[in-house]
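> show me how the following folds:
(2 chains)
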Amino acid sequence: MAKKLLFVFIAFCSTVHAQFNQSGNDKNVYDFINKTREFGKKNEEQSYKKFDSLKVILEKNKKDTLLGLLYRKYSDVLASNSKNKEALAKIEQSINFYKKGNSKKEEVLSIVNKGNIFFRSGDVPSAIKTYNFGRNLATKYGLVSEVAKFDKNLGVVLFDQGNIDGALKQYKIALDGFLKAKNEKELAGVYLNIGNCYFENYQTKESLLYYNKSLDFAKKYKDTVNLSTIYNNLGAVYIDDKKDTSTGIKYMTEALKLKKNGNIKNQLIFQYSNFATLYAEMKSYKNALFYNDKAYELAIKNHDLDNLKDIYENYALIYSKQGNYEKAFAFQKQFSSTKDSLLNKENTKIINEINTKYQTEKKEKLILEKENQNKKKNIWIAIISLLTVFSSILGYLFYRQQKLKNKQQEQEYKLQSAISQIETQNKLQELRLSISRDLHDNIGAQLTFIISSIDHLKYRNTIEDEKVTNQLSKISNFTKSTITELRDTIWAMNVNELTFEDLETRIFNFIEKAKSAKENVTFNFKIDESLKDRKMTSLTGINLYRTIQEAINNAIKYAEADTISLEISQNQNQINTKIEDNGKGFDAETTKKGNGLYNMDKRISEIGGEFLLKTLPENGTNIQVNLPKNLFYD
Amino acid sequence: MKLTLIFFGIEILCFLLIFFGVLINEKKQHFSHEKNVENLEKIILNNHKKQNELNSKVLISRDYQTYFQKNMKAIAEEIVELQYIFMQIISNRKK
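Residues are numbered from 1 along each chain as shown, chains lettered A, B, ... in the order given. Predicted structure coming up:
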């Protein structure tokens, strides 16, 4: 009996909604929706029409929150008329609209309703799943009271499955939640549920304590739905456990009054039937028949077969106790046939449900298969696309690598071409030099022959003519200077680079020869010690040497100097060679430059140096050769 | 499904292997090229130096040739002058 009472209570609890803070037109719409829902209790079809027309208006005005409420109430009416499938569709829409309108609390409350619909339609796993999902969402949103509601509903599920201890635990968690959220309106319900658990466990004292607590809050908040259930349950405790029939009847009468006022028909039938059973047990058959008749009338009116079955059973019991076995037998027969018809109805319902479930599962399987096929197809498309992308990337990489290779090869080929060009030129120059060397050797031999021939002529000269002797000396001198020049050239050509030390030795030799030719001339030769190891190309060396040679020759030959100074030094950027004499000098502006001076200037300019001449008549000559330091290296 | 995913994984693995292989090869090629270029540049530098030296020597040689031609011309003139003196002496003796 307590289980039945509890179920009725849950059905009503699910219709409790959160408060709205509406204004203006929205407030009117809000009231209208609530009224339509109440109207739906009496006239189902009319209320659907009202909901549908209001839905069109709200959708047009995009009132998401009100649409959420409308669908929830619509779902309530459908669920209360056992149209669970449609109710689920509507509550789903309600959740979506609340989500869209960002009404978190209302969204969570609609999820509570969704769970309730599942539970009422007997789909307990879906109900538990929905409650848990809603509970997590409420926790996420920080809605303490709503979390407690889910805990309470999970307790109801456990209670329904016979897990009384689990349900009690869950209800106590819910109780803590409601206390924490200071939601006293919900306390009556949760205390009632706890009381029911204790009642089921035969803990009369505890159940009475919680029923009384529940009674206090139900009275405080005029919660007639819970109040009638509490009175009924209190009555049951007093009659069944405490054997205090008068107090029990007192409470049950209160419950009956409330149910009559509330016009809750199926509960009223149930209450009348309870009274009939009670009075039959008390052997007050008149009263028992009175209440059973009332229950019968209402049950017939409402086509309530479930209660009708119990009413027939009551009749059979009352008449059998009265000794009217004929009537008792007739009612027992009716009881059996109603029971059978209910059983058939239930079986058909179960078969239909199983069939629906089978069809749904079949469809779901088909959908799943299609989804899998699509998934596979998509994966293959992804693989092929990736393969294409990879191939393109690799193709590009190979192309780039090949291009780079070609470019590099081209660069290397250019460098190799340059090398072979230089090598060819070098070979040509080497050939020229080889020919030159042969020529020089030949010239050297011929010149030596000329000199020895002239010397021979001089010794054997029988013609004592001064002119002849002078002419022979002239030829000999020319030849000697040519051979000296040749030796210098060969010296320069035999090496790739010269040091200042080599140059110093060469200049010394030259000065020694000059000294032997002109004995009264004093030579001063100084070279910077730090320069001695510095190197230069043979061209720079020979040009500098020949310039010095020319300058000294000029000083001896034309200036008639008796002191000639040669100094090689360095400053920060240049290496300076200074050749000074105390000869007769000349006027550089008026005197035309001879071949010697011109050649000196040309040689120095050719190697990138600077040739400076300072001279005045009777004031000696100063020649300075400045060569940049980059012509020399270590 | 599992096979497809394995295939997918192998595909990615192969791509990554080839990708890195190509990149490594490219790097190797680059280093090898740089080394080659460096060597070639060294050879060019040496050849250039040698060319300069040879050019210097050729210039020195040419310079001497100019000098030699000039001197030989002077010697030839002096020899002609000597011949003239000899001619004079011979003609004086005949007289």
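
> name the spans of chain B whose pLDDT lies under the cut-off.
Across chain B, the ranges flagged by pLDDT under 70 are B:1.

> can you tell me the SS state at A:Asn524?
Secondary structure state of A:Asn524, per DSSP: H, G, I helix; E, B strand; the rest coil, is strand.

> quick one, what contacts it?
A:Thr563, A:Ile564, A:Ser565, A:Leu566, A:Glu567 (Cβ atoms under 8 Å, 6 or more residues apart in numbering or on different chains). To be clear about C-beta, it is placed using only N, CA and C from the backbone, and glycine gets the same treatment.

> isn't the first one right up against A:Thr522?
Yes - counting by Cβ atoms under 8 Å, a contact exists between A:Thr563 and A:Thr522, whose distance comes to 4.8 Å.

> in terms of packing, which of the two has more residues around it?
Taking neighbours as other Cβ atoms under 10 Å in any protein chain shown, A:Thr563 and A:Thr522 compare with A:Thr563 leading, 14 against 11.

> against A:Ala555, how distant is that one?
Counting by Cβ to Cβ, to the nearest Å, the gap from A:Thr563 to A:Ala555 is 9 Å.

> what's the burial count for A:Lys309?
A:Lys309 has 21 nearby residues by other Cβ under 10 Å.

> ok, now the one 4 residues further on?
Counted with other Cβ under 10 Å, residues neighbouring A:Glu313 total 21.

> next, the closest residue to it other than its chain neighbours: secondary structure please.
Among residues not flanking A:Glu313 along the chain, A:Phe335 sits closest, at 4.8 Å (Cβ to Cβ, 6 or more residues apart in numbering or on different chains). Classification of A:Phe335 by three-state DSSP places it in helix.

> wait, A:Phe335 touches A:Asn314, no?
No - with contact defined as Cβ under 8 Å, A:Phe335 does not reach A:Asn314; the gap is 9.0 Å.

> what strand or helix carries residue 57?
Unless you meant another one, I'm taking chain A. Secondary structure from DSSP states H and E places A:Ile57 in helix A:44-61.

> could you do chain B instead?
helix B:2-94.

> and what of A:Phe586?
Counting by DSSP H and E, A:Phe586 is part of no helix or strand.

> now do it against A:Thr621, distance only.
A:Phe586 is 8 Å from A:Thr621, by Cβ to Cβ.

> name the residues contacting each of those two.
Contacts common to A:Phe586 and A:Thr621, judged by Cβ under 8 Å, 6+ apart, are A:Thr615.

> which one's more surrounded, the two?
With neighbours defined as other Cβ under 10 Å, A:Phe586 and A:Thr621 compare such that A:Thr621 has more, 24 against 19.

> show me what contacts that one?
A:Asn554, A:Ala555, A:Ala559, A:Ala561, A:Glu580, A:Asp581, A:Gly583, A:Gly585, A:Phe586, A:Leu613, A:Lys614, A:Thr615.

> report the beta-bridge partners for it.
A:Asp581, A:Thr615 (DSSP bridges).

> just to revisit the earlier point, now, among the contacts of A:Thr621, which is nearest to chain B?
A:Asn554 (16.1 Å; Cβ to the nearest Cβ).

> next up, the contacts around that closest one.
A:Gly596, A:Leu597, A:Thr621 are the contacts of A:Asn554 under Cβ under 8 Å, 6+ apart.

> and the host helix or strand of the second one, what's buried?
Under the assignment given by DSSP H and E, the secondary-structure element containing A:Leu597 is helix A:595-606. Judged by neighbour count using 16 or more other Cβ atoms under 10 Å in any protein chain shown, the buried positions of helix A:595-606 are A:Leu597, A:Asn599, A:Met600, A:Asp601, A:Arg603, A:Ile604.

> can you check stretch A:368-387 too?
A:Ile383.

> likewise for stretch A:266-281?
A:266-280.

> can you list contacts of that stretch?
So stretch A:266-281 is contacted by A:1, A:4, A:8, A:228, A:232, A:239, A:245, A:248-249, A:252, A:255-256, A:259-260, A:285-289, A:291-292, A:294-295, A:298-299, A:302, A:304, A:307, A:310-311, A:314, A:317-318, A:321 (Cβ under 8 Å, 6+ apart).

> try stretch A:177-195
A:6, A:9, A:13, A:16, A:144-145, A:147-149, A:151-152, A:155-156, A:159, A:167-168, A:171-172, A:174-175, A:206-211, A:213-215, A:217-218, A:220-221, A:223, A:226-227, A:229-230, A:233.

> which among the residues you listed end up buried?
Looks like the contacts of stretch A:177-195 have A:6, A:9, A:13, A:144-145, A:147-149, A:151-152, A:155-156, A:159, A:167-168, A:171-172, A:174-175, A:206-208, A:210-211, A:213-215, A:217-218, A:223, A:226-227, A:229-230, A:233 buried, using 16+ other Cβ under 10 Å.

> ok so, going back, now, among the buried residues of helix A:595-606, which is nearest to chain B?
The closest of the buried residues of helix A:595-606, once distances to chain B are taken by Cβ to the nearest Cβ, is A:Arg603, at 8.4 Å.

> tell me the pLDDT at the closest one?
With respect to pLDDT, A:Arg603 scores 91.

> from A:Glu504, how far out is it?
From A:Arg603 to A:Glu504 the distance is 19 Å (Cβ to Cβ).

> show me the contacts for A:Ala588.
Taking Cβ under 8 Å, 6+ apart as the test, what A:Ala588 contacts is A:Leu613, A:Lys614, A:Thr615.

> please state the backbone phi and psi of it?
Backbone torsions for A:Ala588, taken as degrees, to the nearest 10, come to phi -60, psi -30.

> low-confidence ranges, the stretch 251-400 of chain A, go.
A:262-265.

> helices along that one, start to end?
A:265-281, A:285-301, A:305-322, A:325-459 (DSSP state H, counting those that start in this stretch).

> what about A:Phe150, how many neighbours?
Counted with other Cβ under 10 Å, A:Phe150 comes out at 28.

> what is the helix or strand hosting it packed up against?
Under the criterion of DSSP H and E, A:Phe150 resides in helix A:144-160. Judged by 3 or more Cβ pairs under 8 Å, 6 or more residues apart in numbering or on different chains; DSSP states H and E, helix A:144-160 is in contact with helix A:2-13, helix A:104-120, helix A:124-141, helix A:164-180, helix A:187-200.

> now the angle from that helix to helix A:124-141?
Relative orientation of helix A:144-160 versus helix A:124-141 (axes from the mean of the first three to the mean of the last three Cα atoms, to 10 degrees): 160 degrees.

> contact partners of stretch A:90-110?
A:17-18, A:64-65, A:67-72, A:74-75, A:78, A:111, A:113-114, A:117, A:134, A:137-138, A:141, A:143, A:146, A:149.

> and those residues, which are buried?
Buried, going by 16+ other Cβ under 10 Å: A:17, A:64-65, A:67-72, A:74-75, A:78, A:111, A:113-114, A:117, A:134, A:137-138, A:143, A:146, A:149, out of the contacts of stretch A:90-110.

> which phi and psi values does A:Asn571 adopt?
Per degrees, to the nearest 10, the backbone of A:Asn571 is at phi -120, psi -160.

> also A:Ala559?
Per degrees, to the nearest 10, the backbone of A:Ala559 is at phi -80, psi -20.

> show me what contacts it?
Contacts of A:Ala559 (Cβ under 8 Å, 6+ apart): A:Asp581, A:Gly583, A:Lys584, A:Gly585, A:Gly620, A:Thr621.

> no further questions, thank you.
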